[in-house]
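Trainee: Pasting the sequence and the predicted model now:
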Amino acid sequence: MVLNKFPEVLADPGVTRQVLSDHKNLMVVAFRFKEEGAEGKLHNHAHIQSTYVESGRFRFSLADDTFEVGPGDSFVIPSNAVHGCVCLEPGTLIDTFTPRRDDFL
C-alpha cells in the first residue's frame, strides 16, 4: 500500500481535487475550495456519492433542493442526480464514490 500517491489537481477554478484512496468498488476524494464563490459546477454521474464537510460552508443544489452545510454535516447523492455547490467559506469536502471514479485516476 502506498499512501498519498495521488497528486492534487485543479478541478474547477479555485477548487482542487485529490484522490485519497481507491479500490475498484470505492474511492475517497478531497475537494479543497480555496476561496469564497468557488463552484463545483452542476453535473451528474452514475456513481453513488457520500459527501462529508470537513471544514468550510457550502450551498448545495441537489435535484430540486438547495441547502447549506457546514463542518460535520454529511449527505448522500443518489446515482445520476444533478448536483453542485458554491463555496460560502473556504474549506474541504470529503467525497466517497461507489464504484470508483475511474475518470479521476
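Mentor: Yes, it's here. Numbers count the residues shown, from 1 in each chain.

Trainee: In contact with E39, which residues?
Mentor: 12-15, 84-87 (Cβ atoms under 8 Å, 6 or more residues apart in numbering). All C-beta spots, glycine's among them, are computed from the backbone N, C-alpha and C.

Trainee: Pick the one among those residues closest to D73.
Mentor: C85 (11.9 Å; Cβ to Cβ).

Trainee: on that earlier part again, just the buried residues of the contacts of E39.
Mentor: 14-15, 84-87 (16 or more other Cβ atoms under 10 Å).

Trainee: Select, from these, the two members most distant in space.
Mentor: So, the buried ones among the contacts of E39 by Cβ to Cβ: farthest apart are G14 and G84, at 13.8 Å.

Trainee: which ones are touching the residue positioned nearest the centre of the chain?
Mentor: Geometric centre of the chain, nearest residue: D95, 4.5 Å, by Cα atoms, centre = their mean. The contact partners of D95, taken as Cβ under 8 Å, 6+ apart, are 28-31, 49-52.

Trainee: shaky segments in this structure?
Mentor: 1-4 (pLDDT under 70).
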